[in-house]
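S.K.: predicted coordinates and the sequence they were generated for:
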Amino acid sequence: MSSIPNPEIRWSSVESELDAALISQEAGDIATAVALGTARGKPDDAATAILNAAPVILVALDFDEAGKAAWPWWKEEFRTSVPWPVPVGKDVGDLLGIPGLMRAWIEKGMPATGPPVTFTH
């Protein structure tokens, strides 16, 4: 990484680079996404240091068995992590077809907007 981002920015962990790009496009002013490549992916040392300082990490891995199985590691590793499955579909890309939904979903996870809500399928 070439620079350290603002430690006050909220983070979202996702599996694919496309999901991270979509979050950046739709809500980049309020959240930054890190793409892991897979549900079993882990952040490197530099990313771990940044995530440890984050006020919240929305763990938005795919809503499938692999994504669900990865949650316990995030819960143990990062005290500010919150499970944050998409409200519809399997992954962030599924939100793109519904105008405003992706940003609203990210905003709901931000502490300043109130307590997190839990989405269930």
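M.R.: That came through fine. Numbers count the residues shown, from 1 in each chain.

S.K.: helix or strand next in line after the helix ranked longest in the chain, which one?
M.R.: Longest helix in the chain, counting residues (DSSP state H): helix 65-77. Per DSSP states H and E, the first helix or strand lying C-terminal to helix 65-77 is strand 81-83.

S.K.: now for whatever helix or strand comes next after that next one, which elements pack on it?
M.R.: Moving toward the C-terminus from strand 81-83, the next helix or strand (DSSP H and E) is helix 101-108. Judged by 3 or more C-beta pairs under 8 Å, 6 or more residues apart in numbering; DSSP states H and E, helix 101-108 is in contact with helix 17-27. Every C-beta, even on glycine, is put in place using the N, C-alpha and C of the backbone.

S.K.: so which bits of the longest helix of the chain are buried?
M.R.: 67, 70, 74 (16 or more other C-beta atoms under 10 Å).

S.K.: likewise stretch 77-86?
M.R.: Quick answer for stretch 77-86 (16+ other C-beta under 10 Å): 78, 81-86.

S.K.: any chance of those in CSV, plus pLDDT and distance to V34?
M.R.: Compiled in CSV, those are given as follows (pLDDT from 0 to 100; distance: C-beta to C-beta, whole Å):
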residue, pLDDT, distance to V34
F78, 95, 11
S81, 93, 12
V82, 92, 15
P83, 93, 16
W84, 93, 13
P85, 93, 17
V86, 94, 17
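
S.K.: just the C-alphas of the longest helix of the chain, formatted as PDB.
M.R.: Output of helix 65-77 as PDB, limited to C-alpha atoms (Å, rounded to 0.1, in the frame of the first residue of the first chain):
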ATOM      1  CA  GLU A  65     -21.800 -21.800   3.100                       C
ATOM      2  CA  ALA A  66     -18.200 -20.600   2.500                       C
ATOM      3  CA  GLY A  67     -19.000 -17.000   3.500                       C
ATOM      4  CA  LYS A  68     -20.900 -18.200   6.600                       C
ATOM      5  CA  ALA A  69     -18.000 -20.500   7.600                       C
ATOM      6  CA  ALA A  70     -15.500 -17.600   7.400                       C
ATOM      7  CA  TRP A  71     -17.300 -15.400   9.900                       C
ATOM      8  CA  PRO A  72     -15.900 -16.900  13.100                       C
ATOM      9  CA  TRP A  73     -12.300 -16.000  12.000                       C
ATOM     10  CA  TRP A  74     -13.400 -12.400  11.500                       C
ATOM     11  CA  LYS A  75     -15.200 -12.200  14.800                       C
ATOM     12  CA  GLU A  76     -12.100 -13.500  16.600                       C
ATOM     13  CA  GLU A  77      -9.500 -11.500  14.700                       C
END
